[in-house]
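Colleague: Sequence plus the predicted model coming up.
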Amino acid sequence: MATLTAWRFDRPDTADRAARLLQGVGPGDPPIGHAAAVVAWPAHDRRPLTRTLEVADPGALGDGFWGLLFGLVFFVPLLGAALGAPTGALAGSLADVGIDDHFVNRLRDRVTPGTSALVVLAPDLVVDRLQAALADGPRAELIRTDLDPDHEAALRAVFGG
């Protein structure tokens, strides 16, 4: 089973440092498929900066997935408020692939100016290893949702490399 996690940090530069830990979560082990991105939101910026992390997994989710996710989390609410347009239909598209509203809303509420997040879609084994690697570092708040195999397969079919 795959888990979509967001590791939220109290500083805008901390997620970049945490992303380096992700490269070493399984040294010596066979490669474990995962996809990851960083969100950094400097305190005085109007919107966050996002970037997809390069991973060796050929089936990793690409920029389209991250653009949809971050667009729905950070940008569509602003657009909807400006235009008075409902955004429920777009958010429903994520629910169709197992990413629930609770995850999206917590990410939106917790990643704010002055913070950052490392967002990872990976098997539970990678999540456990990353959690252990982060235990000695800066405090990270974990936001997560589990995806069943059918939802993960649907994501990879649409957004996989």
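Modeller: Okay, I see it. Numbering: from 1, shown residues only.
Colleague: Not counting its neighbours along the chain, what's nearest Leu53?
Modeller: Of all residues beyond its chain neighbours, the one nearest Leu53 is Ala36 (4.2 Å), with distances taken as CB to CB, 6 or more residues apart in numbering. (C-beta placed from N, C-alpha, C; glycine too.)
Colleague: my bad, Gly64
Modeller: For Gly64, ignoring the flanking residues on the chain, the nearest one in space by CB to CB, 6+ apart is Phe159 at 5.1 Å.
Colleague: what residues are up against the one you found?
Modeller: Contact partners of Phe159, counting by CB atoms under 8 Å, 6 or more residues apart in numbering, are 61-62, 64-65, 68.
Colleague: buried subset of those residues?
Modeller: 61, 65, 68 (16 or more other CB atoms under 10 Å).
Colleague: Out of those residues, which is nearest to Val104?
Modeller: Distances from Val104 to the buried ones among the contacts of Phe159, taken as CB to CB, are shortest for Leu68 (11.0 Å).
Colleague: how near is the residue nearest to Gly64 to Phe9?
Modeller: Here the criterion is CB to CB, to the nearest Å. By it, Phe159 lies 25 Å from Phe9.
Colleague: And the closest residue to Phe103 other than its chain neighbours, how far from Ala132?
Modeller: Using CB to CB, 6+ apart and skipping the chain neighbours, the partner closest in space to Phe103 is Thr145 (4.0 Å). Per CB to CB, Thr145 is found 20 Å from Ala132.
Colleague: Spell out the residue ranges of the strands in the protein.
Modeller: For the chain, the strands defined by DSSP state E cover 2-9, 35-41, 49-52, 115-123, 141-147.
Colleague: I'd like the ones you listed as JSON lines, with distance to Ile99 and mean neighbour count appended.
Modeller: Below are the strands of the chain laid out as JSON lines (distance: least, CB to CB, whole Å; neighbours: other CB atoms under 10 Å):
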{"stretch": "strand 2-9", "distance to Ile99": "6", "mean neighbour count": "24"}
{"stretch": "strand 35-41", "distance to Ile99": "13", "mean neighbour count": "24"}
{"stretch": "strand 49-52", "distance to Ile99": "16", "mean neighbour count": "17"}
{"stretch": "strand 115-123", "distance to Ile99": "9", "mean neighbour count": "24"}
{"stretch": "strand 141-147", "distance to Ile99": "6", "mean neighbour count": "17"}
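Colleague: do you know which of the ones you listed lies nearest Asp101?
Modeller: Proximity of the strands of the chain to Asp101 was assessed by CB to CB; the nearest stretch is strand 141-147, lying at 9.8 Å.
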